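>>> The following comprises the amino acid sequence and a computationally predicted model.
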Amino acid sequence: MKKITLRLLLGGILYKKLRLFLSVLGIIIGVSALFLMNTFGEAAKKKTLKEIETFGPDILMIIPGQVRVRAGRAIQTEQTVTLKMEDALALEKISHIKAFSPIYTGMGTARYSFKTITTTINGVNEAYLFIRKFALLEGRNFLKSEITGYKKVAILGYKVKRELFGEDSAEGKVILINKLPFKVIGVLNPIGIDASNQDQDDQILIPVTTATAAVFNVDYLTGIYVSVENPSLISQIEKNIESLLMKRHKVSQLNKDFNIVKAEDILKFRTEASKLFTTLVQSISIICLVVGSLGVTAIMLLSVNERKKEIGLRLAIGASRKKILFQFLMESIFITFIGGLIGLFSGIFLSLIFLPILKYPFVFPFKPIIVSSLLTIVFGLISGVYPAYKASKIDPAILLKGL
Amino acid sequence: MSEILIQLIDIKKSFQIGKIKYEVLKGINLEVRRGDFLAIMGPSGGGKSTLLNILGLLDRADSGVYLFEGRDVTTLSERELANLRNQKIGFIFQAFHLVPWATALENVLLPALYSEKITEEKIERAHKLLEKLGLADKKNHRPSELSGGQQQRVAIARALINKPSLLLADEPTGNLDSQSSNEVMEVLEDLNREGLTIIMVTHERDIAQRAKRIKFLKDGQFLE
C-alpha cells in the first residue's frame, strides 16, 4: 500500500494530537497494568519454583505436631517433643527410601576471633546435603563416623562464612557455637531463600547427634527429611511412613502428632494464595481497559460528528458505506493499538524497574504481551463499531446545504 | 448536435416534515448534452439543491426517469451509484469541503482512493492538475494555509482527478470575493471549452450569465 493511500485512510487520526492522547490514556493505563500484573504473576511463579527447587518432588518432610498452612507456608502451631531419633532410624524398614536425614533446628551464636553472630543451627546427618541438593563451595561433607561419633564439625552457610571470615578460607578453622569449639569442614554455595521461607545461606550445619546431645541438650527432633527413589512412589511412601509413625506413637488419624509435607503441597498452597490476588488485579485491569475503550468510543463519536463533512465528501466522491465503516473501524483499532503499544512499553519499563527492587527473577513475558495485544485489538474493535456505524450512515446530501 | 449526457423525465421529489408533505420537485424535465454549460438559478427553497443532489446521484427521485449516458440510474444499487459518482461525476461545493488535515495534493487524490488504487499515473495527474490551476507552489499546503480561491481551485482539481464526464458545481463562487470568483469562473469556462459538461447552481446573475444557457427553477418547476 502506498504511503499516500495510508495517509488518506488514517491521516485524520493524528489531526488532534492532545485529544488523541487523552482518549488513549485509559487504554495505556489498562494495558500497562495488565502487563505488569501478568509479568509479576509469572515472576512470582518462577520465584516460587526456584525456591522449592531445593525441596524437590522426591522429598518428604516429617514435621512433629499439628501443621497449619497459612499464606502458603507450613506453620508449626506448637512445639512437640514426640518425634525422636528412633523414629528416623525406623524409616530404614520402609522400602524405596533413598536417603533420610533427621534434623534439629535451633538458634545459636557463632563466634570467630572477635566476631559474633546469631544464626540458625541445623543438626543434620551426612545425607542432608544430598537430599536438599546443596553443593559445597569449599571443603567436604560430613562423614558417617562424624555423625555417629558426636564430632564437633560444622558446615557454614555462605552468608555466615562471609560474616565470620570475609574473603578468607574458613576450612580447618575453629569457631565457637554456643561456646563449644567446632572445626569448619566446609562452606555451602549460595542458595537463597527456600520454600520454607528460610534463608539457607544464614545457617550452620552440624551433626544432629552433636546438636541434640551437646549444643541444645534435647532428646527430640524438629523434623525428618526423606528422599525417595522415584517421585511417582511418593504418595505410597508417604502412607507407609504415616502408618509406621502412627503405630510407633500409638496415635490415630485424629490425634496424629506429626505431619508429612511434600513439595507438591507447598506449591499448591502458594498458588492458591496468589490466585485471589491475581484474579482481583486482572479484573481491575480489564475494567480499566473497558473504561479506556469507552473513552475511545466517546472520542470517536465526537470525531465522526466533527468530520461529518469529510465523511459526506468521501461518500459523495465514491466511497462505499462499507469502506467508510471499515475506515473508522480501522481508526479505532489503530488508536487503541497504539495506546496498547505505549502501555506495553511503559509496562516493560516499569517491570524492569520494579522486578529487581522486589528481588523477583526477570521474566520475558511472551504470554502477557500476546494477551495484552490481542485484548487491545478486541477492545478497539468493540469501541469502534458504533462510531463507525454512525459514520457510514451519514447522508452525503448535507454537503449541498450551504455551509 | 452532440450526444445527450443527461436526460431527466418527469422527476418528482417530496419531503415529509411532521405531518406536512412538501413537494420540492414537481416534474422536472431536462436534457443536457455533452459539452454543455448549464446554470440553474432560482430563489432559495426552489428545489435547486434537491435537483443537484438527484443529478449528482446523492439522492433518489420519488418518481420519474433519470438517464445518465443513456443508462437508467434509478434502479442502480448504492454500490453502483457510488462507483458512478466516483468515475463519472466531479463535485465542487460552496464551502469547498476540503479535508482539513490533508495537503492540497492529498485532497486532489482523495477520489482516486476509492477508484482502485492510487497509481503513479494518478499522482502524476494530480501534480499536473494543480500546476494547470496555478497551484504549483501550494501542493503541500493545508487548506487552512490557502485563500478561498485557491481552496476552490484545489477542489476543482479534486473533481477532475478521475476524468469525469460531468462537473456539478453548487454555488462555486458563493464564499468568494469578486476577484477570486472571476478566477474560478475562468477555470470553469476553460474546462468547458476543453469539452467538460458543467451544471452549476447559483443565484448570482452575472455568474450565471457566463454559462452557455440558464434555467430558472421556481416552486419545483423550470420556468420557460
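On my side now, so go ahead. Residues are numbered from 1 along each chain as shown, chains lettered A, B, ... in the order given.

>>> near chain B, which residues of the stretch 301-403 of chain A show up?
Proximity of the stretch 301-403 of chain A to chain B, by C-beta under 8 Å from any C-beta of the partner chain, involves residues A:309-310, A:312-321, A:323, A:396-397, A:399-403. For every residue, glycine as well, the C-beta is placed using N, CA and C.

>>> now, which of those lie within strands?
With DSSP state E as the criterion, strands contain none of these.

>>> Now the buried members of those residues.
Neighbour counting with 16 or more other C-beta atoms under 10 Å in any protein chain shown marks A:309-310, A:312-321, A:323, A:396-397, A:399-400 as buried within those.

>>> Mind checking which of these are in helices?
Taking DSSP state H as the definition of helices, those contribute A:309, A:310, A:312, A:313, A:314, A:315, A:316, A:321, A:323.

>>> tell me the contacts of the last one?
In this structure, residue A:323 makes contact with A:314, B:114, judged by C-beta atoms under 8 Å, 6 or more residues apart in numbering or on different chains.

>>> where does chain A come near chain B, residue by residue?
Residues of chain A lying near chain B by C-beta under 8 Å from any C-beta: A:2, A:4-5, A:7-9, A:11-12, A:14-15, A:309-310, A:312-321, A:323, A:396-397, A:399-403.

>>> Tally up the residues packed near the closest residue in space to residue A:215 that isn't next to it in sequence, please.
Among residues not flanking residue A:215 along the chain, residue A:178 sits closest, at 5.4 Å (C-beta to C-beta, 6 or more residues apart in numbering or on different chains). By other C-beta atoms under 10 Å in any protein chain shown, the residues close to residue A:178 number 15.

>>> try residue A:154
Close neighbours of residue A:154, defined as other C-beta under 10 Å, add up to 27.

>>> Quick check: next helix or strand after the helix or strand containing it?
Using DSSP states H and E, residue A:154 maps to strand A:153-156. Remark: after strand A:153-156, the chain's next helix or strand is helix A:158-165, criterion DSSP H and E.

>>> who touches that following helix?
A:110, A:112, A:115, A:117, A:119, A:137, A:156, A:170, A:173, A:175, A:187-191, A:199, A:201-204.

>>> The strand or helix carrying residue A:226 pairs with which strands?
Per DSSP H and E, residue A:226 falls inside strand A:223-228. Using DSSP bridges, strand A:223-228 pairs in its sheet with strand A:59-64 (antiparallel), strand A:97-112 (antiparallel).

>>> What residues of it count as buried?
The neighbour-count check on strand A:223-228 (16+ other C-beta under 10 Å) flags A:223, A:224, A:225, A:226, A:227, A:228 as buried.

>>> and the residue of the stretch 301-403 of chain A nearest chain B?
residue A:318 (2.3 Å; C-beta to the nearest C-beta).

>>> Quick check: which element contains the nearest residue to that residue once chain neighbours are set aside?
Distance criterion C-beta to C-beta, 6+ apart; nearest residue to residue A:318, sequence neighbours excluded, is residue B:86 at 2.3 Å. Using DSSP H and E, residue B:86 maps to helix B:78-88.

>>> Kindly format the C-alpha coordinates of the strand holding residue A:226 as PDB.
What follows is strand A:223-228, C-alpha atoms only, in PDB (Å, rounded to 0.1, in the frame of the first residue of the first chain):
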ATOM      1  CA  GLY A 223      11.900 -32.900  61.600                       C
ATOM      2  CA  ILE A 224      13.000 -35.600  59.300                       C
ATOM      3  CA  TYR A 225      13.800 -35.200  55.600                       C
ATOM      4  CA  VAL A 226      13.200 -38.100  53.400                       C
ATOM      5  CA  SER A 227      14.200 -38.500  49.700                       C
ATOM      6  CA  VAL A 228      12.600 -41.300  47.700                       C
END
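
>>> Could you list the residues of chain B in contact with chain A?
B:49, B:52-53, B:56, B:58-59, B:78-79, B:82-83, B:85-87, B:91, B:93-95, B:97, B:99-102, B:106, B:109-111, B:113-115, B:117-118, B:123, B:158, B:162, B:170-171, B:174.

>>> by contact count, what packs against the one helix or strand residue A:184 maps to?
Per DSSP H and E, residue A:184 falls inside strand A:180-188. Contacts defined by 3 or more C-beta pairs under 8 Å, 6 or more residues apart in numbering or on different chains; DSSP states H and E place strand A:180-188 against strand A:136-139, strand A:153-156, helix A:158-165, strand A:174-177, strand A:203-207.

>>> helices and strands around the fourth one, which ones?
What that stands for is strand A:174-177. When contacts are defined as 3+ C-beta pairs under 8 Å, 6+ apart, strand A:174-177 sits against strand A:97-112, strand A:180-188.

>>> and the residue nearest to residue A:318, what pLDDT?
For residue B:86, the pLDDT comes out at 93.

>>> Check the contact between it and residue B:113; I expect there is one.
No. Counting by C-beta atoms under 8 Å, residue B:86 stays clear of residue B:113, with 9.5 Å between them.

>>> Would you mind grabbing the residues shared as contacts by these two?
With contacts defined as C-beta under 8 Å, 6+ apart, the residues shared by residue B:86 and residue B:113 are residue A:319.

>>> And the helices in chain B, which stretches?
B:48-55, B:78-88, B:104-113, B:120-132, B:148-160, B:178-193, B:205-208.

>>> Please tell me how far residue B:56 sits from residue A:327.
Separation of residue B:56 from residue A:327 (C-beta to C-beta, to the nearest Å): 22 Å.

>>> Repeat that for residue B:10.
In terms of C-beta to C-beta, residue B:10 sits 38 Å off from residue A:327.

>>> between these two, which one's more packed in?
Using other C-beta under 10 Å, the more surrounded residue of residue B:10 and residue A:327 is residue A:327, with 20 against 13.

>>> host element of that one?
Counting by DSSP H and E, the element that carries residue A:327 is helix A:321-357.

>>> Nearest to the spatial middle of chain B, which residue is it?
For chain B, the residue whose C-alpha lies nearest the mean C-alpha position (C-alpha atoms, centre = their mean) is residue B:168; its distance is 1.5 Å.

>>> picking that back up, now do the buried residues in the helix holding residue A:327.
Applying a neighbour-count criterion of 16+ other C-beta under 10 Å, one finds A:321, A:323-325, A:327-344, A:346-348, A:351, A:355 buried in helix A:321-357.

>>> what about it, distance to the chain center?
Distance of helix A:321-357 from the chain centroid (C-alpha atoms, centre = their mean, to the nearest Å) equals 27 Å.

>>> between that helix and helix B:78-88, how many degrees?
100 degrees (axes from the mean of the first three to the mean of the last three C-alpha atoms, to 10 degrees).
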